[in-house]
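In: how does the following fold in three dimensions:
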Amino acid sequence: MGIALGVTLATTGRLGAGIAIGCIVAVATGIGAVLLARGLWPAYAAAEIGKTYTNAMLLTRLAAAAVCIVAGASATTRVARDSGRAAGWLGSVFLAVSLPIHLFRVWADYPLWYHLAYLIPLLPATAMAGRLAARLFGYAGDRAPSTQSLA
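Out: Have a look, this model is predicted:
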């Protein structure tokens, strides 16, 4: 019973740490993307002040969000060492944070299609990125790759 509890606590700890690290990585990636857009695209920087983005700018923002999702989900999966389940939880956190912001703070600032294009795929895209990262990292099921040699 003690061993099973220890494994559960270790797994839960990795899950929580993975979600926290995934959030940090996603936010840092987003900040980097915004700074890059401002620096390389003067019209973007000018439009940012009044949120007068063109469709190309809005699509760029959505692409940056996709990069944030992949980076965050990959980091979460790496830390949690699972099959991508933790990244699904990360997507839930993203949605729980993003939904009220979009509904109550920035709804009037962007067209409907932009909100839908961001919010609808948020959870499934994060979960899928986590599953792909798990395959890349060699995680099977919810366990880390074996360190034992087969020889």
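In: in stretch 30-46, what's buried?
Out: Neighbour counts over stretch 30-46 (16 or more other Cβ atoms under 10 Å) mark 30, 33, 37, 44 as buried. In this view, the C-beta of every residue, glycine as well, is placed from N, C-alpha and C.
In: let me fix that, I meant to ask about stretch 87-97.
Out: For stretch 87-97, by 16+ other Cβ under 10 Å, it's 87-91, 93-94.
In: from these, which is closest to A117?
Out: The nearest member of the buried residues of stretch 87-97 to A117, counting by Cβ to Cβ, is F94 at 14.4 Å.
In: the closest one in helix, strand or coil?
Out: Of the three states, F94 takes helix under DSSP: H, G, I helix; E, B strand; the rest coil.
In: take the buried residues of stretch 87-97 and keep only those in helices.
Out: With helices taken from DSSP state H, the overlap with the buried residues of stretch 87-97 comprises 87-91, 93-94.
In: check the residues you listed against R135 and report the nearest one.
Out: A87 (12.0 Å).
In: ok, the closest one to F137 distance?
Out: Distance, A87 to F137, by Cβ to Cβ, to the nearest Å: 11 Å.
In: what touches both of these two?
Out: Common contact partners of A87 and F137 (Cβ atoms under 8 Å, 6 or more residues apart in numbering): T77.
In: contact partners of stretch 79-99?
Out: Applying Cβ under 8 Å, 6+ apart, the contact partners of stretch 79-99 are 11, 14-15, 17-19, 21-23, 26, 69, 72-74, 76-77, 118-119, 122-134, 137, 139-144.
In: buried subset of those residues, written for ChimeraX?
Out: Buried subset of the contacts of stretch 79-99, written as a ChimeraX selection, criterion 16+ other Cβ under 10 Å:
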select :11,14,15,18,19,21,22,23,26,69,72,73,74,76,77,118,122,123,125,126,127,128,129,130,131,132,133,134,137,139,142
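In: now, which of the contacts of stretch 79-99 lie within helices?
Out: Among the contacts of stretch 79-99, the members found in helices (DSSP H) are 11, 14-15, 17-19, 21-23, 26, 69, 72-74, 76-77, 118-119, 122-134, 137.
In: ok, how many other residues are close to K51?
Out: 11 (other Cβ atoms under 10 Å).
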